[in-house]
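Asker: Provide a 3D model corresponding to the input given below.
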Amino acid sequence: MTTKSASEQAKILYEEGNAHRKQQRWAEALNAYEQAAALDPESPAVAARKMLMDIMEFYCKDYYNP
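Answerer: Model (predicted):
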């Protein structure tokens, strides 16, 4: 049995997060990105998580004050 390195596992989790994001399963995508970032702080999952959080936290005052 072979063990995958942390960076390989992080890449798999990053790709999993992308798949969840494309299917609009936001919580699963965030979880996958966070796990990938914990394994490899240089992973693109760090930026992907930040991007997804920015999208989810977007607030447009015009939507709430017509």
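Asker: Give me the helices and strands touching the one helix or strand Ala38 maps to, please.
Answerer: Ala38 belongs to helix 26-39 when assigned by DSSP states H and E. Applying 3 or more CB pairs under 8 Å, 6 or more residues apart in numbering; DSSP states H and E, we find helix 26-39 packed against helix 6-22, helix 45-56. Backbone N, C-alpha and C define where each C-beta goes, glycine included.
Asker: Those helices: which one's closest to Tyr63?
Answerer: Tyr63 sits nearest to helix 45-56 of all these, at 14.7 Å, using CB to CB.
Asker: Next, the buried residues of the closest one.
Answerer: By neighbour count with 16 or more other CB atoms under 10 Å, helix 45-56 contains the buried residues 45-46, 48-49, 52.
Asker: Please compute how far the helix or strand following it lies from its chain's middle.
Answerer: Proceeding N to C from helix 45-56, the next assigned helix or strand is helix 61-64, under DSSP H and E. A distance of 27 Å separates the centroid of the chain from that of helix 61-64, by CA atoms, centre = their mean, to the nearest Å.
Asker: What separation is there between the one residue sitting closest to the centre of the chain and Ala10?
Answerer: By CA atoms, centre = their mean, the chain has its centre lying nearest to Tyr33, at 3.3 Å. Between Tyr33 and Ala10 the computed distance is 10 Å (CB to CB, to the nearest Å).
Asker: Please identify which of the buried residues of helix 45-56 is nearest to Arg25.
Answerer: Leu52 (11.2 Å).
Asker: Touching, the closest one and His20? I think so.
Answerer: No: in this structure, Leu52 is not within contact of His20 by CB atoms under 8 Å, at 9.8 Å.
Asker: okay, and the common contacts of those two?
Answerer: Shared contacts of Leu52 and His20, defined by CB atoms under 8 Å, 6 or more residues apart in numbering, comprise 26, 29.
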